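Colleague: A predicted structure for the sequence below; I have some questions about it.
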Amino acid sequence: MHIMEGFLPVEHALGWGAASLPFVALGLRAIKRKVRENPELKMLIGVSAAFTFVLSALKLPSVTGSCSHPTGTGLGAVLFGPLAMAPMAAIVLLFQALLLAHGGLTTLGANIFSMGIVGPLVAYALFRAGRLVKLPQGLTLFLAATLADLATYLTTSLQLALAFPDPIGGFAASLAKFAGIFAITQIPLAVSEGLLTVLIFNVLVKHSARELHDLGLQPAREGVRP
Amino acid sequence: MSKQWQNGLMLLAVILLIAYPLLTVRVPDPGSEGETAEIFTGADGQAEGVIREIAPDYRPWAEPLMVPPSGEIESLLFALQAVLGAGFIGYYVGVRRERSRWNRDSGSSGAA
């Protein structure tokens, strides 16, 4: 989902940057407020960021014969709300833009928008919806994280199709080309991301029952086992 | 126990999802001009190829500030990124496990 350095026209680069900036600022404020209300959550925020660090570093093979990586943003969005992931994704993307020539500073806004904003929003909305219709929590979490991952890659395809419409087929033909690369490749990886998100959530249920309870994600405390 | 089974099965599914393409995707035969095809290249790079195809006149207007000097150095930096994340998660779980064991052993009924 990394749009390479310089590969968005100036207007697009600036537009996505302007669109992402308020989310990053609001996200920082949301994180600060959570920590002020409950300092115990600091470590769990670290775990969410760490999960994104790990998953976005893993370039996995896909059935299409190309490689891509998961994003890991679903977990943090479900735990801390969709805004909190914008600054966390910004940190990961900045690290990769500066040290790895992956993504770039001129495309940072667009990449934050797909990975740190659209993905987390989808994860959060689906998780809420799943709880509303009382789906089992594990299944809800799986669907939220999997579809958030796909949404991120669809967003990248949209961004590229907007910037580079096909000379003959226009936006739609271009979107089909980019989505053919990103979205299809991503399907098995998104499933992996969904499974890994449920897995780490299960670990947190065991070791951070109280924090999850405070966040309204666990009904009963099961911190100390008899 | 059932939770552990569930976690184990999910981990197994992830391993299979990663292994399956490695076992099934084959390098295509070289073309008539003998060009060799690569497999498992990055989707980001392929998108760059499509951009060059759709808009051959587009010139990227910025260059990365620092490009890892080789594939090995790139791997090193990606591994560093993964280690930072995995290290923190491992540290967190370790601290938590010790804390709940300490609480249990000392039999404190206070803050758990």
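Modeller: Received it, and whenever you're ready, just let me know what you need.
Colleague: C-alpha only now, for contacts and for neighbours.
Modeller: Noted.
Colleague: Okay, now the unreliable bits of the chain?
Modeller: If you meant another chain, say so; for now it's chain A. Residue ranges of chain A with pLDDT under 70: A:220-226.
Colleague: could you do chain B instead?
Modeller: B:1, B:31-36, B:107-112.
Colleague: Please enumerate the strands of it.
Modeller: B:41-42 (DSSP state E).
Colleague: what packs against the helix ranked longest in chain A?
Modeller: Longest helix of chain A, by residue count under DSSP state H: helix A:170-207. If you count contacts as 3 or more CA pairs under 8 Å, 6 or more residues apart in numbering or on different chains; DSSP states H and E, helix A:170-207 packs onto strand A:66-68, helix A:73-80, helix A:137-163, helix B:2-24, helix B:43-54, helix B:71-105.
Colleague: Show the contacting residues for residue A:53.
Modeller: Taking CA atoms under 8 Å, 6 or more residues apart in numbering or on different chains, we find residue A:53 in contact with A:72, A:92, B:81, B:82, B:84, B:85.
Colleague: Name the residue closest to the centre of chain A, please.
Modeller: residue A:73 (3.1 Å; CA atoms, centre = their mean).
Colleague: Please report the distance of it from residue A:89.
Modeller: 8 Å (CA to CA, to the nearest Å).
Colleague: Common neighbours of those two, please.
Modeller: When contacts are counted by CA under 8 Å, 6+ apart, residue A:73 and residue A:89 have A:52, A:115, A:116 as shared neighbours.
Colleague: Distance check, the first one against residue A:114.
Modeller: Distance, residue A:52 to residue A:114, using CA to CA: 14 Å.
Colleague: quick one on the thing from earlier: how about a markdown table for the helices and strands packed on helix A:170-207, with distance to residue A:176 added?
Modeller: Below are those laid out as a markdown table (distance: least, CA to CA, whole Å):
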| stretch | distance to residue A:176 |
| --- | --- |
| strand A:66-68 | 17 |
| helix A:73-80 | 25 |
| helix A:137-163 | 8 |
| helix B:2-24 | 23 |
| helix B:43-54 | 11 |
| helix B:71-105 | 30 |
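Colleague: from those, which stretch is densest packed?
Modeller: Highest mean neighbour count of those: helix A:73-80, a mean of 28 (counted as mean count of other CA atoms under 10 Å in any protein chain shown).
Colleague: Who are the packing partners of that one?
Modeller: Partner elements for helix A:73-80 (3+ CA pairs under 8 Å, 6+ apart): helix A:42-57, helix A:85-99, helix A:119-132, helix A:137-163, helix A:170-207.
Colleague: can you tell which of the ones you listed is closest to residue A:24?
Modeller: For residue A:24, the closest of these is helix A:85-99, at 4.9 Å, according to CA to CA.
Colleague: what's downstream of that closest one, the next helix or strand?
Modeller: Remark: after helix A:85-99, the chain's next helix or strand is helix A:108-112, criterion DSSP states H and E.
Colleague: Work out which residue lies at the spatial centre of chain B.
Modeller: Centre-most residue of chain B, counting by CA atoms, centre = their mean: residue B:82, 7.6 Å.
Colleague: Look at the nearest residue to that one once chain neighbours are set aside and say how many residues are nearby.
Modeller: Excluding the flanking residues, the one nearest residue B:82 by CA to CA, 6 or more residues apart in numbering or on different chains is residue A:54, at 4.2 Å. By other CA atoms under 10 Å in any protein chain shown, 24 other residues sit near residue A:54.
Colleague: Please apply the same query to residue A:219.
Modeller: 11.
Colleague: Please report how far the closest residue to it other than its chain neighbours lies from residue A:50.
Modeller: Spatial nearest neighbour of residue A:219, excluding adjacent residues (CA to CA, 6+ apart): residue A:213 at 6.2 Å. In this view, residue A:213 and residue A:50 are 21 Å apart by CA to CA.
Colleague: Between those two, tell me which one has more neighbours.
Modeller: With neighbours defined as other CA under 10 Å, residue A:213 and residue A:50 compare such that residue A:50 has more, 25 against 15.
Colleague: State the helix or strand in which residue A:70 lies.
Modeller: Assessed by DSSP H and E, residue A:70 sits outside every helix and strand.
Colleague: which residues does it contact?
Modeller: Applying CA under 8 Å, 6+ apart, we find residue A:70 in contact with A:55, A:56, A:58, A:59, A:149, A:186, A:189, A:190, A:193.
Colleague: Could you identify which of those has the most neighbours?
Modeller: Going by other CA under 10 Å, residue A:149 tops the contacts of residue A:70 with 33 neighbours.
Colleague: Surely residue A:30 forms part of a strand?
Modeller: No: Residue A:30: not assigned to a strand; according to DSSP: H, G, I helix; E, B strand; the rest coil it is helix.
Colleague: how close does the closest residue to it other than its chain neighbours get to residue B:57?
Modeller: Closest residue to residue A:30 apart from its sequence neighbours, by CA to CA, 6+ apart: residue A:84 at 6.2 Å. Plainly put, residue A:84 is 39 Å away from residue B:57 if you go by CA to CA.
Colleague: who has more neighbours, the two?
Modeller: Set residue A:84 next to residue B:57 and count neighbours by other CA under 10 Å: residue A:84 wins out with 31 against 9.
Colleague: check contacts around that one.
Modeller: Neighbours of residue A:84 in contact, by CA under 8 Å, 6+ apart: A:24, A:27, A:28, A:30, A:31, A:76, A:77.
Colleague: All good on my end, thank you.
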